[in-house]
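Participant: Starting from these lines, generate the structure:
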Amino acid sequence: MFSGGLGTIADPYLISNLTDLNNIRNYLSAHYKLTADIDASETETWNNGAGWIPIGTFNGTIEGMGYKISGLYINRTSDQSGLFIGSGSGTVHQLGLVNVDITGANYVGVFGGLVAIDISECFCTGAINGSLYVGGVAGYLFTSGTVANCQSFCTVMGTQHVGGVVGRGYQSQITNSYSVGLVIGSTDTGGMIGSVASGVTVINSYWDTEVSGQSTSAGGEGKTTSEMHNQATFIDWDFDGIWKIDNYYNNRYPYFVWQNFIINEYIPNYPPASKIKLNFKAGDSDPLLMGSFYVDRTNFAVGRANVSVDARNSIGKYLKDQTFDERNVYSKVVTQSLLTQILTGAGITNYYVGPETAELGMEFSPNQDILSGINDVLTTVRDWMIREEPDGKVVIAERTDEAFTQPGTYTFYRNRDVFSRSVTKDDNNTYGRVCVHTSDFAVKAYRPVSSNLGWLPPAQKTLYQQCPDGTTSIQAAALATEIAEQLSNSGEVEEFVGPIRPQVMPGDAAQIVDEDGPNLLGTITTVTHRFGKDGFYTQFTVDSGGKINKPLLSDYLKQISAGTVKSKILS
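Facilitator: You can find the predicted model right below:
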């Protein structure tokens, strides 16, 4: 039944595994003691995906002995979600719940949703999602329930009565506790407590205003991150018997004297070349895959709660970094086969190359990077491009090929979706003519540019664009026509900041709606998503010289000239 003990104060039941923990629900007035850390990650598969069922009204005691329960998972549509329902007269002491993933309706908290028990010297990390009464430690703390000497690093999201430690309080007390996690709610939301009914006492308790994104709370004192790293902030805390604080552990926030931080206990396993999939999820939304990336560099300081990772997709990692070396000559074959040979030679296994039956041979310089060589090949097939899809597949094909996630039109409203907007008009990016030519000008093609932006550049201000030697007159003429068409709108760039829109991608068209109706601005060229303590927003740039399903002009010119001094088309 348990790993030992009789369930009395003198001889408590011993909890050493997940089965023992789950059996507590059958003896709600007994006494318990943990003897080991417990991995609860398998609860994600329990109860048809609903996960852990909260333990009912608890009148016993749990001595955590400084051990941790990790990976507790709950995904319920009913009320009262947490390790416990939370009611009863029990106590929980010196227990950590880490990397939790808890979703419920109302009354949601790590230790309990509707809490009247006493919780002391406990800590929690992870994500909490709900609607009403959502808190890091407790959803609703009521009727003599207490939270004393506790720490919450949870991200807490809800609609109303949302707090970093407690969502709502009534006839209860919080003492010497703090919260650091991000807190998101619509109304009655606070860094420590979302709201109070009556009879709530908060003593010497604090929250990080910068990390939480909350400047107010129904109780407690808000402090900056720097202040939260300073022992002097925590008035009348016991830094001899209960707490410690230093520059080495717990990301410089206070921690318990019994927390076992071992200098080499854990180093995040993200070595260079390891693969990371990035998903975006908010509230109860489905995860949105934003891309697959390969690590270039990691930086981790032992004793800190975060790791810095620099990564790129496989195009940057394996095509941009690698060179052709001695495998630099490709005999004439159909273009589809040529591109396939280049990709497989670079070690790319997840790819798609569209059909193209025209034959082509290429000779590249040994020190030319593979990506620029592929771009040289693409100058010979009109309206083709290379792009990596969010699932990590490298696609080379005509822009309208169904293998690409086709660009859409992002419509936003001036008075609702725009935080800021700036417009730059630059004559340096406008031209009267364009000439595409080989290195010796044996092949050249001129085309005039008609400006559609309200001003005209000098007639003989010409953009000269070199293409690979071996390009035919017909190919050069087609390239010149394409560039001239895009130059007709080039010269105006707009930058926007608005609410978070993770689905917006470079290549989408941008359309703004105001009192005069919709106005198509151009192509979105860069997208930056920001989410965290500084807020949730999307920043993107719109280039007038772009059209949906057409390459951005600057990218198109780079594609044409990327390797012109290093490669040539074989006859």
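
Participant: Give me the below-cutoff pLDDT ranges for the stretch 1-150 of the chain.
Facilitator: When the per-residue scores of the stretch 1-150 of the chain are filtered using pLDDT under 70, no range remains.

Participant: quick one: average confidence on stretch 169-188?
Facilitator: With pLDDT averaged residue by residue, stretch 169-188 scores 94.

Participant: Revised request: answer the last question for stretch 296-310.
Facilitator: With pLDDT averaged residue by residue, stretch 296-310 scores 68.

Participant: Same question for stretch 445-453.
Facilitator: Across stretch 445-453, pLDDT averages out at 84.

Participant: Show me which positions of it end up buried.
Facilitator: Under the neighbour-count criterion of 16 or more other Cβ atoms under 10 Å, stretch 445-453 has 445, 447, 449, 451, 453 buried. Every residue, glycine included, has its C-beta placed from N, CA and C.

Participant: Same check on stretch 178-194?
Facilitator: With the criterion 16+ other Cβ under 10 Å, stretch 178-194 contains buried residues 178-185, 188-194.

Participant: so where do the helices sit in the stretch 401-550 of the chain?
Facilitator: 473-487 (DSSP state H, counting those that start in this stretch).

Participant: do the stretch 51-200 of the chain as well
Facilitator: According to DSSP H, counting those that start in this stretch, the stretch 51-200 of the chain contains no helices.

Participant: how about the nearest residue to residue 464, chain neighbours excluded?
Facilitator: In space, and not counting its chain neighbours, residue 464 is closest to residue 435: 5.0 Å by Cβ to Cβ, 6 or more residues apart in numbering.

Participant: pretty sure the one you found is touching residue 480, no?
Facilitator: Yes: at 6.8 Å, residue 435 and residue 480 qualify as touching, with contact defined as Cβ atoms under 8 Å.

Participant: what kind of secondary structure is residue 356 in?
Facilitator: coil (DSSP: H, G, I helix; E, B strand; the rest coil).

Participant: List the contacts of residue 156.
Facilitator: With contacts defined as Cβ atoms under 8 Å, 6 or more residues apart in numbering, the neighbours of residue 156 are 128, 134-136, 162-164, 181-185.

Participant: Specify which member of these is nearest to residue 315.
Facilitator: residue 182 (32.3 Å; Cβ to Cβ).

Participant: Within its sheet, name the partner strands of the helix or strand that contains residue 291 and how each one runs.
Facilitator: Under DSSP states H and E, the secondary-structure element containing residue 291 is strand 288-300. Using DSSP bridges, the strands paired with strand 288-300 are strand 275-280 (antiparallel), strand 307-312 (antiparallel).

Participant: Go through these and pick out the most buried.
Facilitator: Sort these by mean neighbour count, taking mean count of other Cβ atoms under 10 Å, and strand 307-312 sits at the top with a mean of 15.

Participant: moving C-terminal of that strand, what's the next helix or strand?
Facilitator: Moving toward the C-terminus from strand 307-312, the first helix or strand encountered (DSSP H and E) is helix 314.

Participant: Contacts for the helix or strand just after that next one, please.
Facilitator: The helix or strand immediately downstream of helix 314 is strand 329-334, counting by DSSP H and E. Contacts with strand 329-334, where a contact means Cβ under 8 Å, 6+ apart, come from 338, 341-342, 356-364, 570.

Participant: CA atoms only: put strand 329-334 into CSV for me.
Facilitator: What follows is the C-alpha trace of strand 329-334 in CSV, where atoms were taken according to Å, rounded to 0.1, in the frame of the first residue of the first chain:
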residue,chain,number,x,y,z
VAL,A,329,30.9,20.0,-60.5
TYR,A,330,27.5,18.6,-61.5
SER,A,331,27.0,17.2,-64.9
LYS,A,332,23.9,18.2,-66.9
VAL,A,333,20.8,16.5,-65.6
VAL,A,334,17.2,17.7,-65.1
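
Participant: and residue 500, how many residues sit next to it?
Facilitator: Using other Cβ atoms under 10 Å, residue 500 has 15 other residues around it.

Participant: Repeat that for residue 291.
Facilitator: 17.

Participant: That one contacts residue 390, correct?
Facilitator: Yes: assessed by Cβ under 8 Å, residue 291 is found in contact with residue 390 at 5.0 Å.

Participant: Can you spell out the domain ranges of the protein, please?
Facilitator: 34-256, 275-312, 315-403, 409-565 (automatic domain parsing).

Participant: of those domains, which approaches residue 14 most closely?
Facilitator: domain 34-256 (5.1 Å).

Participant: which regions of the stretch 301-450 of the chain sit below the pLDDT cut-off?
Facilitator: Low-confidence segments of the stretch 301-450 of the chain (pLDDT under 70): 301-307, 414-415.

Participant: hey, where'd the strands end up in it?
Facilitator: Secondary structure of the stretch 301-450 of the chain by DSSP state E, counting those that start in this stretch: the strands cover 307-312, 329-334, 351-353, 359-364, 384-388, 394-398, 409-413, 420-425, 433-437, 444-448.

Participant: And the stretch 1-150 of the chain, by the same measure?
Facilitator: Secondary structure of the stretch 1-150 of the chain by DSSP E, counting those that start in this stretch: the strands cover 13-15, 31-34, 38-39, 61-63, 68-70, 73-75, 91-93, 96-103, 112-115, 118-120, 123-129, 132-135, 138-142, 146-148.

Participant: Which strands border the last one, and is each parallel or antiparallel?
Facilitator: Strand pairing for strand 146-148, using DSSP bridges, gives strand 118-120 (parallel), strand 173-175 (parallel).

Participant: Give me the contacts around that strand.
Facilitator: Everything outside strand 146-148 that qualifies as a contact, by Cβ under 8 Å, 6+ apart, is 118-121, 137-138, 141, 165-166, 172-177.

Participant: which one of those residues is nearest residue 48?
Facilitator: residue 138 (26.9 Å).

Participant: Do I have it right that the closest one meets residue 166?
Facilitator: Yes: the pair formed by residue 138 and residue 166 meets the contact definition of Cβ under 8 Å, at 5.2 Å.

Participant: what touches both of those two?
Facilitator: With Cβ under 8 Å, 6+ apart applied, the overlap between the contact sets of residue 138 and residue 166 consists of 109, 147.

Participant: Please identify which of those two sits among more neighbours.
Facilitator: Applying other Cβ under 10 Å to residue 138 and residue 166 shows that residue 166 carries more neighbours, namely 40 against 37.

Participant: what's the spacing between the more buried one and residue 131?
Facilitator: To residue 131, residue 166 is 16 Å away according to Cβ to Cβ, to the nearest Å.

Participant: Residue 67 too?
Facilitator: Applying Cβ to Cβ, the value for residue 67 to residue 131 is 32 Å.

Participant: ok, residue 44 to residue 500 distance?
Facilitator: 26 Å.

Participant: Please identify which of the buried residues of stretch 445-453 is nearest to residue 465.
Facilitator: With Cβ to Cβ as the yardstick, the closest approach to residue 465 among these comes from residue 445, at 9.9 Å.
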